[in-house]
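[1] Provided below for reference: sequence and predicted model.
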Amino acid sequence: MKKLYVAFSACAFLILSFTQMVRAWQAEVEVVSRTGKIPKNFKTYSLFLVCNPQWLAPEKSEGLYELYKQFENFGRTIGDDNAAVWFWKTQQRAHDPTLAKNVDVERSVRFCQTWKLKPSEGPHVVVTTVYPDESSLSSGLPKGSAVYGLGNMSPTEISGLLTKLTDELIEKGRVESPAATAAAPLALWVRLLDATQRTINSFGCSWTFKIEAGPVNADLHACKAE
């Protein structure tokens with residue numbers, strides 16, 4: 001089963017021609033026309049969405065191409081049950097200064113708008129176990145989807161993230177939402193803060209304790225009612 005899906009907005013004969021080329025490459029890439037749908041029957045879908053205008057500047061073409069190559073390698077290694085989707089307008093085989101113009105930004109923007117993804121944090125990788133039906137995007141981001149903003153990440157960090165996602169898809173068949181993975185540490189902080197409050201109460205009423213640690217900010221005051 002094909003794994004990496006590159007969606008093209010091209011005329012019919014170009015799509016047919018390129019599809020035949022793809023088959024010669026062990027069917028690692030699927031071509032979808034603008035009016036066509038993302039293929040179904042996969043356990044997960046990893047969508048690469050380019051909605052950040054900064055990434056469409058000519059000077060970003062080289063970085064955008066390297067990003068595409070990383071995502072392409074990701075799509076080739078996540079197994080036959082998982083699809084990776086990138087939207088192009090026309091056939092693209094090599095880096096060139098007009099690469100950004102070939103990204104089907106309009107199609108990506110529809111996802112970003114309805115799924116409430118902040119363009120400045122993108123490009124985004126969205127991994128979902130729910131088929132991304134473009135005719136019903138208004139229903140919102142599918143529950144349990146994992147969203148990653150790559151805008152402020154270095155190429156090395158992006159490579160590390162894609163490797164991590166590959167591990168999860170191969171081992172678990174899904175990717176946990178970053179919010180879900182952060183929930184456990186946050187619950188631990190709540191328990192620690194409660195224990196700390198009880199401790200400073202035992203030292204008298206003149207003590208205060210302030211914590212600033214990432215998502216946790218708290219001012220604890222002694223003799224606070226428990």
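    Received the coordinates, thanks.

[2] neighbours around the closest residue to Thr128 other than its chain neighbours, how many?
    Nearest non-adjacent residue to Thr128, counting by C-beta to C-beta, 6 or more residues apart in numbering: Ser145, 4.2 Å away. (C-beta placed from N, C-alpha, C; glycine too.) Close neighbours of Ser145, defined as other C-beta atoms under 10 Å, add up to 19.

[3] Ser145 and Arg107: what is the separation?
    Remark: distance between Ser145 and Arg107 (C-beta to C-beta, to the nearest Å) = 18 Å.

[4] Please, where are all the strands along this structure?
    4-7, 29-32, 44-49, 82-87, 124-128, 146-149, 208-213, 216-221 (DSSP state E).

[5] in the chain, what spans have low per-residue confidence?
    1-36, 91-97, 179-226 (pLDDT under 70).

[6] That one: helices as residue ranges?
    In the chain, the helices defined using DSSP state H lie at 12-24, 61-77, 105-114, 155-172, 178-201.

[7] buried ones in the fourth one?
    Judged by neighbour count (16 or more other C-beta atoms under 10 Å), helix 155-172 contains these buried residues: 158, 161-162, 165-166, 168-169.

[8] Let me know the angle separating that helix from strand 44-49.
    Angle of helix 155-172 versus strand 44-49, following axes from the mean of the first three to the mean of the last three C-alpha atoms, to 10 degrees, is 160 degrees.

[9] tell me which strands and helices helix 155-172 is in contact with?
    strand 44-49, helix 61-77, strand 124-128, strand 146-149 (3 or more C-beta pairs under 8 Å, 6 or more residues apart in numbering; DSSP states H and E).

[10] winner for burial among these?
    Neighbour counts (mean count of other C-beta atoms under 10 Å) averaged over each of those peak at strand 44-49, with a mean of 24.

[11] Pull up the pairing partners for that strand, direction included.
    Strand pairing for strand 44-49, determined by DSSP bridges: strand 82-87 (parallel), strand 124-128 (antiparallel).

[12] Please work out which residues outside the last one touch it.
    Just to be clear, that refers to strand 124-128. Here strand 124-128 makes contact (C-beta atoms under 8 Å, 6 or more residues apart in numbering) with 44-49, 51, 71, 111-112, 115, 117, 141-142, 144-150, 161-162, 165, 169, 174-175.

[13] Same question for stretch 131-143.
    If you take C-beta under 8 Å, 6+ apart as the criterion, stretch 131-143 is touched by 37-38, 40, 42, 45, 47, 85, 107, 110-111, 114-116, 126, 128-130, 147.

[14] redo that, cut-off 6 Å
    38, 40, 45, 114-115, 128, 130 (C-beta atoms under 6 Å, 6 or more residues apart in numbering).

[15] Report the buried members of those residues.
    38, 45, 115, 128.

[16] got the contact list for the first one?
    The one in question is Ile38. Contacts of Ile38 by C-beta under 6 Å, 6+ apart are 85, 132.

[17] And it, how far from Pro132?
    Distance from Ile38 to Pro132, by C-beta to C-beta: 6 Å.

[18] before we move on, what about the second one?
    In this structure, Tyr45 and Pro132 are separated by 5 Å, where distance is defined by C-beta to C-beta.

[19] can you check the third one too?
    In this view, Trp115 and Pro132 are 9 Å apart by C-beta to C-beta.

[20] burial of Thr90, as a residue count?
    14.

[21] Ignore what I typed, I meant Asp133.
    For Asp133, using other C-beta under 10 Å, the count is 12.

[22] swap in Asn152?
    Neighbours around Asn152, by other C-beta under 10 Å: 8.
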